[in-house]
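K.L.:
how would this look folded up:
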Amino acid sequence: MPKWSIQLTPRWRRIVMQGVLVLVFAGAVGLAMVVTRHVTMRMRVDLAEAQSVGRLMVRLPAKWVEAEKGSIEKGDSIEVEEVIEGPPGEGKPPAVARGSTGGANGAARRLRVARQRSEGLVSPLEHLYRSGRIKADVLRALAEGREGYARQNVMIAGWPGQMVSYAVSIRPGVMHKDIIACAVLRSGQALVIQLQGVGPVDASDQAVVKQICENVSVSMISAPPDSGGAVNLPDGIRVDSPAGYIVVPADDPNQFQRQLLFDGQAGAGWAAVDLAACVYFPDDSEETLLAMLHARDPDWRSGPVKRLGARTLMVERVDHAGGALAQSLTGGGLAGQLFPARAYLVGHEDGRALLVVMRGGLRDGRLFDSAWAAIGASVRFEGKKELTGLLANGAEAARAITDWPTSGSATWKVWDQAENAGEEEWFISKWNLEEAADGAVANDNKPVKASGIRRARQIGAYSAEMSFEQHWSLTADFSKYEAETFSEIRRERGQLPKKTWEQRVVVEKGKLTLTSPLGAAGGAAMQTPAQFVPGAVLPLVLRDLAEKPSLIKTESFMGTHTAAGPGLLTLFITRLTDAPLRQDERGQTMDCISVSVNGTGMVSRWYYGRDEEGTSVLRFIDFSGAIKAVGGE
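P.N.:
Model (predicted):
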């Protein structure tokens, strides 16, 4: 019987052999994928039905037992412990271990899921540090790429976040592991998922955390939209979002800035961008930009201002994540680079400007250049804006102040309307007339002068122990004004407060001198602007200043974040007719004055009611972030 054979040319032989190799490789890859999927599925745990804890909604491991549940300060949390079944003894049911024995690594694990308040759209690792979830030495180890410390991007409730894994030796032969995932959402909300246990970190630990990240959410906050899109800002300013950046939905009526968030799909890292419409006139100094940045964040410390074009400025932040972090890391030379931040200002000939503030995650400043290239090329100022009229109104309003209460006191408290939190002390002010040497309050040679003190505690997720104090004096005719402002920080129990000089201002004979450790001008005297109103008395005359929409200059403003920086502040003050209505205790609709500190992209609304004598009295203040203030004079 003849034998059949196929004779292949060398060329076809090579093709067949390559095809066989491709098939073998594809089969190997497919098998690897099946094995990987099988292993991954085995590492996942069965989840129970979703449960809610306050605004937190989460599905937890079904066989883990609840350890703790409830509201935390400005947030919600729940903790569960792994249940491990040991081998049954003779005539005994299986043993159940909680918290300290059994398990693949010799110990049960503990899982905590929390919703917390954040200080705006900060990086996940910065939030974890400033909220006390991780320590400075962990940041140092991550920044140095130390073995045993890992960081990766992860999606949490649909928002870009990051996960940190590390293990440390708590005693010879015993390792304690932490796997922490965090994402910062809009509206000042953060989600934190933390797994702890004994032993080295393994893939099953990370798999559990990632599984919870996929099954957690916060009520009233949905997943963000797809990346890209146009951004419309006040005063006809338009910007296009860079590729790979999400335009964060805006839902705060007291916040006019818009925010962009890196979606993490194009590589590791975290970055966010704030876009705020502002004013910056041709004769404004560099200190005007630095004052805006300080008003946004009292912890901001600027490097040299660089001019990139005729109307474009750039400045890097050199002291990041607050003084406490900088001090803890200075010894290793890492302060100023861990959480980079950069600001750009693009001006227009009519005085309109766009302030762009970028914040990065741990050593993620490399993301700034590409983001700015896209944003800077897309900035558009549509139409024309007449701002000289607002300056004229401000000068007229400042000149019209001839009567103000030269003695009095005020105590204010705030509360967070979005949280289960009580009232907190915020602001105290006392001022009185000074007496002359003969006991009179004034004589022919000495005009009436009032002096006082103002104290304000910084309100925010991480600033419970930061406060500001200002000592001031002012003649009744506004001819001479002096004010000096200090900050005080106490971040740890038992630590003595650290008092830092922030600003000194002197106004006399038509000249204004402002000195600050943050400024570059060295305290040179300048002509007092026609729109200048002393910060110490501005709240007392605010209603009078709002007769017409005005731009007012001042050296300090005490809101939820006290602004007393290296330059004068510009405030936009106006009376609103379309503000959210509020009624006093008698059911009468109150008058509303809005105040916006230039460059912050935020507005505060000051509500005035009538007392029994029919006099207008400040009753409430609404700030961004659902912060409300109540008090009285």
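
K.L.:
Helix or strand next in line after the helix or strand bottoming out on mean pLDDT in the chain, which one?
P.N.:
Least confident helix or strand of the chain, by mean pLDDT, DSSP states H and E, is strand 96-98 with a mean of 46. Going down the chain from strand 96-98, the next helix or strand is strand 110-117, by DSSP states H and E.

K.L.:
Direction included, what does that next one pair against?
P.N.:
Here strand 110-117 has these sheet partners by DSSP bridges: strand 75-81 (antiparallel), strand 189-198 (antiparallel).

K.L.:
most packed of those?
P.N.:
Across these, the average number of neighbours (mean count of other Cβ atoms under 10 Å) peaks for strand 189-198, which reaches a mean of 24. Heads up, the C-betas are built off the backbone N, CA and C, glycines and all.

K.L.:
Show me how far that strand is from its chain's centre.
P.N.:
Computed by Cα atoms, centre = their mean, to the nearest Å, the chain-centroid distance of strand 189-198 equals 20 Å.

K.L.:
Equivalent analysis for stretch 283-293, please.
P.N.:
21 Å.

K.L.:
and for it, what are the contacting residues?
P.N.:
Residues outside stretch 283-293 that contact it (Cβ atoms under 8 Å, 6 or more residues apart in numbering): 278, 280, 300, 302, 305, 313, 315, 317, 343, 345, 355, 357, 514, 518-521, 563, 565-570, 598-600.

K.L.:
Emit the PyMOL select command for whichever of those residues are buried.
P.N.:
This is how PyMOL selects the buried members of the contacts of stretch 283-293, with burial counted by 16 or more other Cβ atoms under 10 Å:
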select buried, resi 278+280+300+302+305+313+315+317+343+345+355+357+514+518+519+521+563+565+566+567+568+569+570+598+599+600
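
K.L.:
Ends of stretch 196-214, what's the gap?
P.N.:
End-to-end span of stretch 196-214 (Cα to Cα, to the nearest Å): 19 Å.

K.L.:
Check the offset of that stretch from the chain's centre.
P.N.:
28 Å.

K.L.:
do the same with stretch 618-627
P.N.:
Centre to centre, stretch against its chain (Cα atoms, centre = their mean), the figure for stretch 618-627 is 18 Å.

K.L.:
buried residues in it?
P.N.:
The neighbour-count criterion (16+ other Cβ under 10 Å) identifies Leu618, Arg619, Phe620, Ile621, Asp622, Phe623, Ser624, Gly625, Ala626, Ile627 as the buried residues of stretch 618-627.

K.L.:
counting contacts, what elements does the helix or strand hosting the third one pack onto?
P.N.:
Right, Phe620. Using DSSP H and E, Phe620 sits in strand 616-622. When contacts are defined as 3 or more Cβ pairs under 8 Å, 6 or more residues apart in numbering; DSSP states H and E, strand 616-622 sits against helix 538-545, strand 604-610, strand 627-632.

K.L.:
Rebuild these as CSV, extending it with distance to Cys182 and mean pLDDT.
P.N.:
Below are the helices and strands packed on strand 616-622 laid out as CSV (distance: least, Cβ to Cβ, whole Å; pLDDT from 0 to 100):
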stretch, distance to Cys182, mean pLDDT
helix 538-545, 37, 94
strand 604-610, 29, 92
strand 627-632, 23, 86
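
K.L.:
Figure out which of those is closest to Pro405.
P.N.:
Within the helices and strands packed on strand 616-622, the stretch nearest Pro405 is helix 538-545; the backing value is 5.8 Å (Cβ to Cβ).

K.L.:
So which bits of the closest one are buried?
P.N.:
In terms of neighbour count (16+ other Cβ under 10 Å), helix 538-545 has its buried residues at Leu538, Pro539, Leu540, Val541, Leu542, Arg543, Asp544, Leu545.

K.L.:
List the residues that contact the fifth one.
P.N.:
This points to Leu542. Counting by Cβ under 8 Å, 6+ apart, Leu542 makes contact with Ile573, Ile593, Val595, Trp606, Leu618.

K.L.:
between the residues you listed, which is nearest Ala141?
P.N.:
Distance to Ala141, by Cβ to Cβ, is smallest for Val595 among the contacts of Leu542, at 44.0 Å.

K.L.:
Helix, strand or coil: sort out Ala143 for me.
P.N.:
For Ala143, the assignment made with DSSP: H, G, I helix; E, B strand; the rest coil gives helix.
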